[in-house]
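Novice: Sequence first, predicted coordinates after that:
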Amino acid sequence: MKHKKVAGAVALAGMVAAMGAAAQDTVVKIGHSGPLSGAQAFSGKDNENGARLAIEELNAKGVTVGGKKIKFELVSEDDQGDPKAGVSVAQKLADGGVKYVVGPYNSGVAIPAARVYSNAGMVVASVASNPKLTQQGYKNLFRVNASDTQLGSKMALYAAKELKVKNVAVIDDRTAFGQGLAEEFKKQARASGMTVAGHEYTTDKSVDFTPILTRLKSKKVEAIFFGGYAPQGGPMARQIRQLGLNAKLLGGDTICTAEMGKLGGDAVGPNVLCSQGGALLDKAASGPAFKAKFKKRFNAEPDVYAASYYDAVNLYAQAMQQANTVDPVKVGAAIAAGSYQGVAGSYAFDAKGDMKSSPVTIFTFKGGQPSAITSY
């Protein structure tokens, strides 16, 4: 009996010691703001999983900062892709003591939420591409992706040089992202000698584009650039075909997704082209390994930005180790001054928080999946 008591006491002491050690760990919460419900939930979930994979790997490996072991925790919130909800999410994360955020995904959410994050002294890494995001002058806000300036203009250059398109039209969904992207495309299209025969407007909730497309058909456009998202892009591709409109559908990163093929069916093929920030994952040094890890963990292929969110979390961890602190002011300064080689690119930032170098890849579709053509 006595031996059992002693053994029990030893086990208890071990448990207490383990709990004490765990209590010594510094918990660092990584917030995620993205559309986890609604039509864009597939993107929000994919982004969240990219961040989750990085956090799980970091915790398994063990990261020490300032002599203490760090335990990263993911705090993910659904901003519905809605500006108002996004500002509420930002406040909720700030109130919850979160100091590091990946997201928001949508420009329309990221632009107003940035003020809340800045006021709370948080560090933010967003893929939102509207140039206005980093023109607001907030410190410790980093864009981990190409901006619309690059996405829109390089798609226009490709259309002019490679597709030899002369007569184009533009449709935008009136979101901050869609408008920004469409304007950049238009600017470069004109500079490249193309005629912009029309600029039409829709919304990010629309499903019927027949009246718009009928007007563009009468203008004999060879290509239509759509500033918007896949839930509208897929049906738009179907309706272009139904109307017998012989025009290519062009777009930015948000239609460079398997969802586009799913929604557009066989109307989405070589006739659809899109531009996405970053070099090809398959050609990136650690791209194939990342894809394999992601597939094993989530039983799905990584979509457009999973690797960028994965990189953003690892960027934070590296900067914490470099600064030897989890203080967001010092970590933000380390990110601004340093560089990080990730899966999707090399992250070094200019004074505004934009990437100094962000290649853009042009994709088309094969078998319903985005298929890369070239990077430049």
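Specialist: Noted; the coordinates are in hand.

Novice: List phi and psi for residue 370.
Specialist: When quoted as degrees, to the nearest 10, the phi and psi of residue 370 stand at phi -60, psi 140.

Novice: Which residue comes closest to it once chain neighbours are left out?
Specialist: residue 363 (4.3 Å; C-beta to C-beta, 6 or more residues apart in numbering). C-beta: built from backbone N, CA, C; applies to glycine.

Novice: Off-centre distance for whichever strand or helix holds the one you found?
Specialist: Taking DSSP states H and E as the definition, residue 363 sits inside strand 360-366. Its chain's average C-alpha position is 17 Å from that of strand 360-366, according to C-alpha atoms, centre = their mean, to the nearest Å.

Novice: Please apply the same query to stretch 183-192.
Specialist: Distance, stretch centre to chain centre, for stretch 183-192: 24 Å (C-alpha atoms, centre = their mean).

Novice: Next, the contact list for residue 225, please.
Specialist: 152, 155-156, 159, 168-171, 182, 185-186, 189, 250-251 (C-beta atoms under 8 Å, 6 or more residues apart in numbering).

Novice: Show me which residues of the strand holding residue 363 are buried.
Specialist: 360, 361, 362, 363, 364, 365 (16 or more other C-beta atoms under 10 Å).

Novice: Let me have those in a markdown table, extended by distance to residue 47 and pLDDT.
Specialist: Listed next are those as a markdown table, based on distance: C-beta to C-beta, whole Å; pLDDT from 0 to 100:
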| residue | distance to residue 47 | pLDDT |
| --- | --- | --- |
| 360 | 19 | 90 |
| 361 | 18 | 91 |
| 362 | 22 | 95 |
| 363 | 18 | 95 |
| 364 | 23 | 97 |
| 365 | 21 | 97 |
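
Novice: quick revisit: what spatial separation is found between the residue nearest to residue 370 and residue 272?
Specialist: To residue 272, residue 363 is 9 Å away according to C-beta to C-beta, to the nearest Å.

Novice: Over to residue 296?
Specialist: According to C-beta to C-beta, residue 296 and residue 272 sit 30 Å apart.

Novice: Pairing partners for the strand holding residue 363, with directions?
Specialist: Neighbouring strands of strand 360-366 in its sheet, by DSSP bridges, are strand 272-277 (antiparallel), strand 369-375 (antiparallel).

Novice: between the ones you listed, which gets the lowest average pLDDT?
Specialist: Mean pLDDT per stretch puts strand 369-375 lowest among the strands paired with strand 360-366, at a mean of 90.

Novice: With just CA atoms, put that strand into CSV.
Specialist: Once non-C-alpha atoms are left out, strand 369-375 reads as follows in CSV (Å, rounded to 0.1, in the frame of the first residue of the first chain):
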residue,chain,number,x,y,z
GLN,A,369,-8.2,23.6,-62.6
PRO,A,370,-6.0,26.7,-62.9
SER,A,371,-3.0,25.8,-65.0
ALA,A,372,0.0,28.1,-65.1
ILE,A,373,1.3,29.5,-68.4
THR,A,374,4.1,31.9,-67.4
SER,A,375,5.5,34.1,-64.7
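
Novice: Can you give me the buried ones in it?
Specialist: For strand 369-375, the neighbour count (16+ other C-beta under 10 Å) marks 370, 372 as buried.

Novice: Other residues contacting that strand?
Specialist: Here strand 369-375 makes contact (C-beta under 8 Å, 6+ apart) with 158, 256-258, 260-261, 273-274, 276, 279-280, 282-283, 359-365.

Novice: 10 Å - rerun?
Specialist: Strand 369-375 has contacts (C-beta atoms under 10 Å, 6 or more residues apart in numbering) with 154, 158, 162, 253, 255-258, 260-262, 268-270, 272-274, 276, 278-283, 301, 303-304, 359-365.

Novice: Name the member of the contacts of residue 225 with the most neighbours.
Specialist: Per-residue neighbour counts (other C-beta atoms under 10 Å) across the contacts of residue 225 peak at residue 251, which has 33 neighbours.

Novice: Test for you: state the pLDDT assigned to it.
Specialist: pLDDT for residue 251: 98.

Novice: need the contact list for it.
Specialist: Contacts for residue 251 (C-beta under 10 Å, 6+ apart) come out as 151-152, 155, 171, 178, 181-182, 185, 224-230, 232-233, 236-237, 260, 272-276, 363.
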